[in-house]
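Trainee: heads up, no residue letters with this:
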């Protein structure tokens, strides 16, 4: 589902990408912006997964990037299911999270010093 980066309002259109000056009906944020692009990645050069793109200073502002592809995000419920599955897989690898409580840890710590 394609939605506004600011308010989450869905963008429904027959077009593949919004126009450069198209904005969200709910909050008036620009839709053709870096924060709505699937290539936006703050951890890489120019904060874009495509290395040949030009730097865009305002990631929320409208831009003329030809590489823009509206990010298509699944439902929030499926994202929660994915994190639950990941947590279960991690527990399978590392074992159950039966970590001692803070008070048990403090008792163990004091026990090291004979208190």
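Mentor: Good, I have the coordinates. Because the structure is a prediction, the values reported are computed rather than measured. Residues are numbered from 1 along each chain as shown.
Trainee: neighbours of the closest residue to residue 37 other than its chain neighbours, just the number please.
Mentor: Nearest non-adjacent residue to residue 37, counting by CB to CB, 6 or more residues apart in numbering: residue 68, 5.1 Å away. Using the backbone N, CA and C atoms, a C-beta is placed for each residue, glycine as well. Other residues lying near residue 68 total 22 when counted by other CB atoms under 10 Å.
Trainee: check contacts around residue 68.
Mentor: Neighbour list for residue 68: 17, 32, 37, 39 [criterion: CB atoms under 8 Å, 6 or more residues apart in numbering].
Trainee: please redo it, this time with the cut-off set to 7 Å
Mentor: 17, 32, 37 (CB atoms under 7 Å, 6 or more residues apart in numbering).
Trainee: which of these tops the neighbour count?
Mentor: residue 37 (25 neighbours).
Trainee: which residues does that one bridge with?
Mentor: Following DSSP bridges, residue 37 is listed with bridge partners residue 70.
Trainee: wait, it sits on residue 71?
Mentor: Yes. Contact criterion CB atoms under 7 Å: residue 37 and residue 71 qualify, at 6.3 Å.
Trainee: can you give me the end-to-end span of stretch 34-54?
Mentor: The stretch stretch 34-54 measures 12 Å between its terminal residues, going by CA to CA, to the nearest Å.
Trainee: that stretch - what's its average pLDDT?
Mentor: Average pLDDT, stretch 34-54: 92.
Trainee: other residues contacting it?
Mentor: 5, 55, 56, 59, 60, 63, 65, 67, 68, 69, 70, 71.
Trainee: quick one: which two of these are the most distant?
Mentor: Maximum pairwise distance among the contacts of stretch 34-54 (CB to CB): 20.8 Å, between 55 and 70.
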